[in-house]
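> dropping the sequence and predicted coords here.
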Amino acid sequence: MPPMPPDSAAPRHARITRALHWLTVILVLSTIPAGLVMVQEGLPRPLQDSLFLWHKNIGPVILILVILRIAARQVYPPPPEPASLPRILVVASATVHWLLYLCLVVMAVSGIVRVQAGGYPIELWDGLIGGMIGKDEALAKTAMAVHAQVRIVLIVLILGHAGAATVHGLVLRDGIFRRMWPPV
Ligand code: HEM
Ligand code: HEM
């Protein structure tokens, strides 16, 4: 068997893919805790308002980044998986990646619907998408339930994905982590 190429020789995701990935990570990993904290009772009002402001206005940015990533993927497809990676892991990781994209889209869309149907503002975005959905309490409730349920799926997927990436990067050192690193 030929020797495995060193990590640094492994092909990487395109620079744009890596930059979009890590920017999404930063935004998602601030949006989720903000969402979880801002709904707690007894928070000081200014803190709660700031968290809501951040959460509602960053969500649409995440949606745009996901759309850009899926578009960039068509132009710069991911490098081929290393032959050493068992087929089942290739299929599992692709499934998790697509579910991550799907959950982010559902979270962002359900968040926008929940807020607009509830009759609340999305400050930075109302100039563009304000009034898209009229006030509708039943719709707001459904969107809120979707947002709350899918959040759990998203958090589980992120933990699994980040855990697997860490094992690849620190234990297996098979080049998978370096496909997405450095960010730029
Ligand atoms: C990918 C983007 C998003 C993620 C990952 C996310 C995540 C979360 C999480 C984890 C919570 C806490 C839920 C709970 O404990 O009940 C939450 C709540 C909330 N999110 Fe998001 N969210 C996203 C986008 C948005 C957007 C775009 C909006 C609105 C423009 C929004 C509006 C809300 C609101 C209003 C709540 C408070 C719960 C409620 O009253 O419905 N979110 N979000
Ligand atoms: C907010 C959390 C995250 C989301 C939504 C996310 C999403 C994704 C997606 C969708 C892909 C597939 C890229 C593609 O081929 O289109 C990917 C790849 C990757 N992610 Fe993440 N990621 C997150 C966090 C992390 C973290 C924390 C790490 C590191 C510990 C990480 C490491 C990687 C690596 C190494 C790849 C490349 C895997 C490969 O080439 O097969 N990700 N990520």
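Done, it's in. Ligands and ions are numbered 1, 2, ... in the order given.
> where does this protein dip in pLDDT?
Low-confidence segments of the chain (pLDDT under 70): 1-9.
> same thing but at 80, please
By pLDDT under 80, the weakly predicted segments of the chain are 1-10.
> what's the host helix or strand of Ile70 packed up against?
Element membership for Ile70 (DSSP states H and E) is helix 45-75. Under the contact definition 3 or more C-beta pairs under 8 Å, 6 or more residues apart in numbering; DSSP states H and E, helix 45-75 sits against helix 15-38, helix 87-117. Just so you know, the C-beta spots here come from the backbone N, C-alpha and C atoms, and that holds for glycine as well.
> using the three-state scheme, assign Pro182.
coil (DSSP: H, G, I helix; E, B strand; the rest coil).
> residues contacting the nearest residue to it once chain neighbours are set aside?
Of all residues not flanking Pro182 in the chain, Arg18 sits nearest, at 7.1 Å (C-beta to C-beta, 6 or more residues apart in numbering). By C-beta atoms under 8 Å, 6 or more residues apart in numbering, the contact list for Arg18 reads Arg12, Met180, Trp181, Pro182, Pro183, Val184.
> ok, so of those, who is nearest ligand 2?
Met180 (3.5 Å; C-beta to the nearest ligand atom).
> could you count how many residues lie near Arg179?
Arg179 is flanked by 20 other residues according to other C-beta atoms under 10 Å.
> how close does it sit to Leu102?
According to C-beta to C-beta, to the nearest Å, Arg179 and Leu102 sit 21 Å apart.
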